[in-house]
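Asks: Mind folding the following:
(one chain, ligands or ions: 1)
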Amino acid sequence: MSEKIHLTSFLESELEDFVQSVGEPKYRSKQIFKALHERRLRDFEAVTDLPKAFRKHLSDHATASTLTVESRYISEDGTRRFLMKTHDGYPVETVYLPTENRDTICFSSQSGCALKCDFCLTAKLGLLRNLTAGEIVEQIIIVLNDVYGAGEPTPHGTNLVAMGAGEPFANFENLIKSLEIMSNEDGLFIVPNRVTVSTVGIVPKIYEFARLENRPHLAISLSAPNDELRNRLMPVNKRWNIDELFTAAKTFELSLRRGERFTFEYVLLGGVNDSPAHAEELADKINEYGLERVKINLIAHNAAEGLDYHPPGADRVAEFKRTLEDRGISAYVRTPRGRDIYAACGQLAAKNSPNLFQIGRTVEI
Ligand code: SF4
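Replies: Numbers count the residues shown, from 1 in each chain. From the prediction side, this is the model:
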């Protein structure tokens, strides 16, 4: 199976080359693209508008489905957490978050992660491998099919967040390609404006991202207002420190479209980074760099076995928010979702992935 060509990884233009290379007319590429992405079919035999012989050829030489769902959990709040596996056995986690009139899918860009953020369970896996563009797209297709059924329309718009396992900017090319595939109006038609990419601060890629035409929104996971604390919580800071990160953020801010803002994500860890003094330091830093179009998403840490942190109390979160707002910074408290099924931020890789902790490798950046 692994030798077969993964057609879900192909842009429509690449599919055109593919169908012509096997002697089929160019228009077949649109039929295939629509079948895989708009109708979300995962088996060529179901694409009955293709000739039978061509369907057989596709089934013999190509594939549309390389990920398998190992398990699925549904939270009391409707959140669904999917544990999937690549064809070569690597874990992939994806989370579906329903809200009124909107579906949000939090997808993974890598299997495991190299970046060792101290408050994140995925870090314990190490980096297993980058996901291909097709594996990223398949996560979305699998989730939508689970919720609505293959071939069925999705009644709501779909928002995507690249906030699952992995650092999206460490798999930049595949990420951008997957987003291009998914934005095609003959397919999933999820336009960049509905997508948010979250990075821990791979600074050169923030500049590259800022230059992209038609790019998604950006969130930067910050979680500390100074180098000393951030070095401890997020070792990536030793490579690109807070000043380098804020300089990049300022450049990014200058590339924002009308009405657009970007986000700093701040995971609040009880007794570690959640004091009013930390909030003041953060506000000072934002004001020092003249960042005017940033909002802060405050995320109370989600307790998980294997992590030494605990969530801050609600009053502590409220005080942090108020301190920022008093200094003119927009701050929002993100409601935790799917905690009971370990789908919340920092909890991916928890429960039912016990064997994964032994196969990770850690890569220095
Ligand atoms: S928070 Fe994100 S970047 Fe950091 S270790 Fe976890 S998955 Fe990797």
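
Asks: Contacts for stretch 27-36 next, please.
Replies: Identification of contacts with stretch 27-36 by CB atoms under 8 Å, 6 or more residues apart in numbering yields 7-8, 10, 12, 15-16, 18-19, 41-42, 46-47, 49-50, 54, 58, 64, 141, 184, 186-187. Where C-beta positions appear, they are placed from N, C-alpha and C, glycine not excepted.

Asks: Okay, and which of those residues map to helices?
Replies: In helices, judged by DSSP state H, the following of the contacts of stretch 27-36 are found: 12, 15-16, 18-19, 54, 58, 141.

Asks: What does the residue lying closest to V195 once chain neighbours are set aside show for phi and psi?
Replies: Nearest residue to V195, sequence neighbours excluded (CB to CB, 6 or more residues apart in numbering): P216, at 3.6 Å. Here is the backbone geometry of P216 (degrees, to the nearest 10): phi -70, psi -180.

Asks: if I look at A64, how far off is the ligand?
Replies: Going from A64 to the ligand by CB to the nearest ligand atom, to the nearest Å gives 28 Å.

Asks: wait, what's in contact with that residue?
Replies: 6-8, 36, 41-44.

Asks: Narrow these to just the buried residues.
Replies: Buried subset of the contacts of A64 (neighbour count, 16 or more other CB atoms under 10 Å): 6-8, 36, 41-42, 44.

Asks: Could you work out the most separated pair of these?
Replies: Pairwise distances across the buried ones among the contacts of A64 peak at 14.7 Å for H6 and L41 (criterion: CB to CB).

Asks: re earlier: tell me the one among the ones in helices among the contacts of stretch 27-36 nearest to the ligand.
Replies: Closest approach to the ligand among those (CB to the nearest ligand atom): I141, at 22.3 Å.

Asks: Next to the ligand, which bits of the stretch 151-300 of the chain? Give me the list.
Replies: Selection of the stretch 151-300 of the chain residues close to the ligand by CB under 6 Å from any ligand atom yields 165-167, 200.

Asks: circling back: reformat the contacts of A64 as CSV; add distance to the ligand and pLDDT.
Replies: Listed next are those as CSV, based on distance: CB to the nearest ligand atom, whole Å; pLDDT from 0 to 100:
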residue, distance to the ligand, pLDDT
H6, 24, 97
L7, 28, 98
T8, 23, 98
L36, 28, 98
L41, 31, 96
R42, 27, 95
D43, 32, 95
F44, 34, 96
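
Asks: What about the residues you listed, which are in strands?
Replies: Residues of the contacts of A64 located in strands (DSSP state E): H6.

Asks: got the buried residues for the top strand by length along the chain?
Replies: Identified as the longest strand of the chain according to DSSP E is strand 91-99. Using 16+ other CB under 10 Å as the test for burial, strand 91-99 gives 91-97.

Asks: of these, closest to the ligand?
Replies: Distances from the ligand to the buried residues of strand 91-99, taken by CB to the nearest ligand atom, are shortest for E93, at 9.9 Å.

Asks: May I see the domains of the protein written out as residue ranges?
Replies: According to automatic domain parsing, the chain comprises the domains 5-63, 68-358.

Asks: Tell me which of those domains is the most buried.
Replies: Ranked by average neighbour count under the criterion mean count of other CB atoms under 10 Å, the domains of the chain are headed by domain 68-358 at a mean of 19.

Asks: show me where pLDDT drops low in the stretch 151-300 of the chain?
Replies: Of all residues in the stretch 151-300 of the chain, none has pLDDT under 70.

Asks: Break down it into its helices, ranges please.
Replies: Counting by DSSP state H, counting those that start in this stretch, one finds helices in the stretch 151-300 of the chain at the ranges 172-183, 203-211, 227-233, 236-239, 242-254, 276-288.

Asks: okay but the residue nearest to V195 is in contact with L179, surely?
Replies: Yes - taking contacts as CB atoms under 8 Å, P216 lies within contact range of L179: 6.4 Å.

Asks: Reformat the contacts of A64 as a markdown table; add distance to T323.
Replies: Converted to a markdown table, these look like this (distance: CB to CB, whole Å):
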| residue | distance to T323 |
| --- | --- |
| H6 | 49 |
| L7 | 52 |
| T8 | 46 |
| L36 | 49 |
| L41 | 52 |
| R42 | 49 |
| D43 | 55 |
| F44 | 57 |
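
Asks: From the centre of the chain, point out the most distant residue.
Replies: Outermost residue of the chain with respect to the C-alpha centroid, by CA atoms, centre = their mean, is A53; its distance is 38.0 Å.

Asks: Wait, a helix at N145?
Replies: Yes - according to DSSP: H, G, I helix; E, B strand; the rest coil, N145 belongs to a helix.

Asks: Could I get the pLDDT score of it?
Replies: pLDDT, N145: 97.

Asks: Within the sheet, what are the partner strands of the longest strand of the chain, with directions?
Replies: In the sheet, strand 91-99 lines up against strand 80-85 (antiparallel), strand 102-106 (antiparallel) (DSSP bridges).

Asks: Can you give me the first-to-last residue distance of stretch 98-106?
Replies: Taking CA to CA, to the nearest Å, stretch 98-106 runs 11 Å from one end to the other.
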